[in-house]
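In: Fold the following, please.
(one chain, ligands or ions: 1)
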Amino acid sequence: MTNTYQHQQHAQRPDKRNRARMLISCPDRPGIVAAVSHFLYEHGANIVQSDQYSMDPGGGMFFIRFEFDLNDLDKELPVLQEDFSRVADRFDMKWHTFRDSRKKRLAVFVSKEDHCLLELLWQWQAGDLDADIAMVISNHPDMRGLVESFGIPYHHIPVTADTKAEAEKQQLEAVADKADLIVLARYMQIISPKFIEQFPNRIINIHHSFLPAFVGGKPYSQAYERGVKIIGATAHYVTEELDGGPIIEQDVQRVSHRDNVEDLKRIGRTIERVVLARAVKWHIEDRVLVHKNKTVVFN
Ligand SMILES: Nc1nc2c(c(=O)[nH]1)N[C@@H](CN(C=O)c1ccc(C(=O)N[C@@H](CCC(=O)O)C(=O)O)cc1)CN2
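Out: Okay, here's the model as predicted:
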């Protein structure tokens, strides 16, 4: 099928070949920001953005996000990483560095609802999603035409209760070393612990309720029966606990007694799309840190 959409770069990306990001989590104590910023200065890095948060100052955790420019990044970043391990050991840090120029690769999983998938495809096609959509995987054939019209590979891998393990094996083979982030865009299959452990805090799901309300299936029907005046959507990392993973983003919309279940679904679809897109954007920009079952989002 010819690619009727050309992936366009409406949003001109500034030259960020020498831009890197550093995420740090460690026990809170005085001197952390000074030590890290001095280290970066000594290595010739120019800090262009920094953000930090102290959870329970003095006795809890400390979180930092730096963006910095470093000339000849390809050569100098490995040197910086090697030297930083001494600072990290001193403060008992968990840390990661990322290159701005290395776009993350998404594998989007979908079932039969297209709105969240379309939002990601539209943003990608407009150049507003700074990542590559490497593939779409579905347990149904319905979205093949839509996805392939964007020039994106489509893997139809049917799933039944009896074939779930084999299906996940095929899914893992399809995404192996081709995806950095899995996005469940209203994918209606429970992901196994074995799959999750391959992608710790790298599977984002959109749940169609304002969690922790209405976990599990048919949340809009649950909301209608409860007579709620607000509905919402929640993007979270996937864990073994269904809809219980670290929340990345949520949003809500008022509803009333005049809205039936179909109205709630219609109103909810817009919230789901926006909330998922925000969460994916913040993840690909390395703005999300996870501690225990909560997130710190430097947005
Ligand atoms: N391990 C996890 N897997 C998934 C999560 C999660 O948090 N942890 N979120 C769900 C999404 N979801 C609600 O948002 C959801 C999807 C599917 C089901 C479910 O009961 N699925 C059945 C099959 C249903 C069908 O075939 O139509 C099943 O998997 O047996 C509940 C909630 C995504 N996965």
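In: which residue ranges form the strands in the stretch 151-299 of the chain?
Out: 154-156, 181-184, 203-207, 230-237, 247-254, 288-291, 294-297 (DSSP state E, counting those that start in this stretch).
In: Paired strands for the last one, with orientation please.
Out: Applying DSSP bridges, strand 294-297 is found paired with strand 288-291 (antiparallel).
In: Could you do the third one as well?
Out: Looking at strand 203-207 with DSSP bridges, its paired strands and their directions are strand 181-184 (parallel), strand 230-237 (antiparallel).
In: Where do the strands of the stretch 1-150 of the chain begin and end?
Out: Here the stretch 1-150 of the chain has its strands, by DSSP E, counting those that start in this stretch, at 19-27, 46-55, 61-69, 94-99, 104-110, 131-138.
In: where's the residue nearest to Lys194 when sequence neighbours are not counted relative to the ligand, distance?
Out: Of all residues not flanking Lys194 in the chain, Glu168 sits nearest, at 7.1 Å (CB to CB, 6 or more residues apart in numbering). Heads up, the C-betas are built off the backbone N, CA and C, glycines and all. Using CB to the nearest ligand atom, to the nearest Å, one obtains 11 Å as the distance from Glu168 to the ligand.
In: roughly how far apart are Glu168 and Leu40?
Out: 42 Å (CB to CB, to the nearest Å).
In: Output the strands of the stretch 151-299 of the chain in JSON lines, with mean pLDDT appended to each entry.
Out: Output for the strands of the stretch 151-299 of the chain, formatted as JSON lines (pLDDT from 0 to 100):
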{"stretch": "strand 154-156", "mean pLDDT": "98"}
{"stretch": "strand 181-184", "mean pLDDT": "98"}
{"stretch": "strand 203-207", "mean pLDDT": "98"}
{"stretch": "strand 230-237", "mean pLDDT": "98"}
{"stretch": "strand 247-254", "mean pLDDT": "98"}
{"stretch": "strand 288-291", "mean pLDDT": "96"}
{"stretch": "strand 294-297", "mean pLDDT": "97"}
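In: deepest of these, which one?
Out: strand 203-207 (a mean of 25; mean count of other CB atoms under 10 Å).
In: can you pull the contacts of His236?
Out: Counting by CB atoms under 8 Å, 6 or more residues apart in numbering, His236 touches 204-205, 207, 211, 243-248, 279.
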